[in-house]
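Student: I would like the atomic coordinates for the input below:
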Amino acid sequence: MDNTNQRKALINSEISLFLRGLIIGKVLTLMVIGGLLWWLLKPNLLSRNNVNSSSTQNFNRVSNNESTFQTVADVPPASFNYGGSTAWASIRQLVDSQIQSDRPELQLRYVNPVNGTPGSSSGIRMLLDGKLDFAQSSRPLTDKEQATAKERGFTLEQRQVGMDGIAVVVNPSLNVPGLTVEQLQQIYLGKITNWNQVGGPNLPITAFSQRPEDADTVIFPSNSDLKGQAFGPNVQYVYSATEAVRQLSKTPGGVYYASARSVVFQCSVKALPLGQTSDRLITPYQEPMVSPEQCPRQRNQLNTQAIKNGSYPMIANLFVIIKQNKGSQQQIGNAYANLLLTDQGQRAIEQAGFVGVR
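Tutor: Predicted structure coming up:
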């Protein structure tokens with residue numbers, strides 16, 4: 001090999017060593033910088049990990065402490081009959097199906113009355129007659145029902161599990177600002193017979209209602225002077241809320257009251273604001289109101305806030321009616337009420353369109 005080739009080989013070897021040293025130096029420098037950064041950030045990482053760990057523990061603690069259908073004790077493993085309020089229909093569809101999915105040992109069967117219309121009153125009658133194991137009601141027990149139970153050797157307990165409003169609905173074409181509770185009562189007593197008496201057009205009022213003995217809701221509370229008052233001759237009786245809504249859609253002067261949950265969402269009727277006084281009317285729906293033309297693309301939603309805070313003037317409480325006889329009926333009535341009063345049950349009741357009590 002001549003001197004020129006030797007010189008080239010030497011230069012190439014030196015360049016290779018230089019590059020290798022440069023690369024190793026870079027790697028060592030990065031390692032030192034990375035170690036320094038880790039040392040500086042270590043307290044923050046540890047603190048963040050502790051926070052995350054604490055948050056996870058808190059989340060688990062909330063989850064573990066939440067009452068569910070699974071946590072309810074003394075649920076009898078058998079089949080039971082129940083019935084009552086038609087206002088509870090969405091609870092039976094949504095909540096009761098969840099209960100039976102989580103507690104398959106419990107089977108619930110809804111029973112309609114053989115004679116008469118389904119509702120709170122008929123359900124309580126069937127419970128008194130031994131045809132149901134417990135009943136669902138959207139009104140409180142009457143003195144007469146309590147007296148009948150006592151005559152038959154037991155008592156009835158009402159356990160509140162939710163709340164609903166009582167909504168007043170009319171034909172969508174009716175132009176009236178709203179009603180006071182007293183005006184509504186006077187309409188059903190037959191003392192107000194024309195809409196012009198309450199700020200509306202000159203149009204006769206046609207009042208629809210379920211028969212009082214079958215009604216789900218009441219507008220003459222048990223603690224008022226009108227308790228037990230009979231409806232006026234102007235009232236036309238209907239079988240159900242569905243029939244009433246159908247009648248209202250073709251009766252310009254028609255009016256009907258029912259569970260807010262069952263009528264506020266309807267497209268063919270209009271819910272009226274209600275108040276204790278005419279200068280303080282509260283809507284049973286969330287404002288702004290959805291017009292019939294927008295429905296069913298949009299639907300009015302229940303004014304749950306007004307029901308919850310008590311500003312809405314007509315409330316229907318939801319009760320489980322339990323037969324206190326120290327038997328299986330008392331056990332299942334208590335168990336069903338306890339299931340609905342769990343955190344899971346209260347959420348499901350609100351998903352069904354009502355207001356929880358917890």
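
Student: flag the shaky bits of this structure, pLDDT-wise.
Tutor: Along the chain, the model assigns pLDDT under 70 to residues 1-64, 222-225, 227-228.

Student: quick check: longest strand of it.
Tutor: The longest strand of the chain (DSSP state E) is strand 155-170.

Student: what's the spacing between that strand and its chain's center?
Tutor: Its chain's C-alpha centre lies 12 Å from the corresponding centre of strand 155-170 when counted by C-alpha atoms, centre = their mean, to the nearest Å.

Student: residues of that strand that come out buried?
Tutor: Burial within strand 155-170, assessed by neighbour count using 16 or more other C-beta atoms under 10 Å, is assigned to 156-159, 161-170. (Glycine included, C-beta is placed from N, CA and C.)

Student: remind me what the helix or strand just after that strand packs against, helices and strands.
Tutor: With elements assigned by DSSP states H and E, the helix or strand that comes after strand 155-170 is strand 179-180. If you count contacts as 3 or more C-beta pairs under 8 Å, 6 or more residues apart in numbering; DSSP states H and E, strand 179-180 packs onto strand 274-275.

Student: now do the strand it packs on: everything it contacts.
Tutor: With contact meaning C-beta atoms under 8 Å, 6 or more residues apart in numbering, strand 274-275 is reached by 167-168, 178-181, 184, 281-282, 284, 312-314.

Student: switch to 7 Å and redo it
Tutor: Outside of strand 274-275, the residues within contact range by C-beta atoms under 7 Å, 6 or more residues apart in numbering are 168, 178, 179, 180, 181, 281, 282, 313, 314.

Student: thinking again about what came up before, mind putting the buried residues of strand 155-170 in CSV, distance to residue 339 included?
Tutor: CSV is the format used below for the buried residues of strand 155-170 (distance: C-beta to C-beta, whole Å):
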residue, distance to residue 339
156, 19
157, 16
158, 16
159, 11
161, 9
162, 13
163, 18
164, 19
165, 24
166, 26
167, 28
168, 32
169, 32
170, 37
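
Student: hang on, residue 100 in a helix?
Tutor: Yes. Applying DSSP: H, G, I helix; E, B strand; the rest coil, one finds residue 100 inside a helix.

Student: please look at it and residue 94 and confirm they touch.
Tutor: No. Using C-beta atoms under 7 Å, residue 100 is not in contact with residue 94; the gap is 11.7 Å.

Student: tell me which two of the buried residues of strand 155-170 sit farthest apart.
Tutor: Largest separation among the buried residues of strand 155-170 by C-beta to C-beta: 157 and 170, giving 37.0 Å.

Student: ranges for the strands of this structure?
Tutor: According to DSSP E, the strands that the chain contains are 79-84, 107-110, 134-137, 155-170, 179-180, 206-209, 235-237, 254-259, 270-271, 274-275, 315-324, 355-356.

Student: residue 145 is nearest to which of those?
Tutor: When the strands of the chain are compared by C-beta to C-beta, strand 155-170 sits nearest residue 145, at 6.6 Å.

Student: quick one, that closest one and strand 315-324 angle?
Tutor: Calculated by axes from the mean of the first three to the mean of the last three C-alpha atoms, to 10 degrees, strand 155-170 forms an angle of 160 degrees with strand 315-324.

Student: ok, residue 69 to residue 331 distance?
Tutor: 16 Å (C-beta to C-beta, to the nearest Å).

Student: more neighbours: which of the two?
Tutor: residue 69 (22 against 19; other C-beta atoms under 10 Å).

Student: okay but that one is in contact with residue 343, surely?
Tutor: No. With contacts counted by C-beta under 7 Å, residue 69 stays clear of residue 343, the gap being 10.0 Å.

Student: ok, the closest residue to residue 283 other than its chain neighbours to residue 170 distance?
Tutor: Computed as C-beta to C-beta, 6 or more residues apart in numbering, the closest residue to residue 283 that is not its neighbour in sequence is residue 273, at 4.8 Å. Noted for residue 273: a distance of 11 Å to residue 170, by C-beta to C-beta.

Student: likewise for residue 237?
Tutor: For residue 237, the distance to residue 170 equals 18 Å [C-beta to C-beta].

Student: over to residue 80?
Tutor: Residue 80 sits 40 Å away from residue 170, going by C-beta to C-beta.

Student: one step back: for the residue nearest to residue 283, phi and psi?
Tutor: Backbone dihedrals for residue 273, given as degrees, to the nearest 10, come out at phi -60, psi 150.

Student: that one: what's it in contact with?
Tutor: So residue 273 contacts 178, 281, 282, 283 (C-beta under 7 Å, 6+ apart).

Student: list the contacts for the first one?
Tutor: Which is residue 178. Residues in contact with residue 178 (C-beta under 7 Å, 6+ apart) are 272, 273, 274, 275, 281.

Student: for it, which non-adjacent residue is closest in space?
Tutor: Nearest one to residue 178, counting by C-beta to C-beta, 6+ apart, is residue 273 at 3.6 Å.
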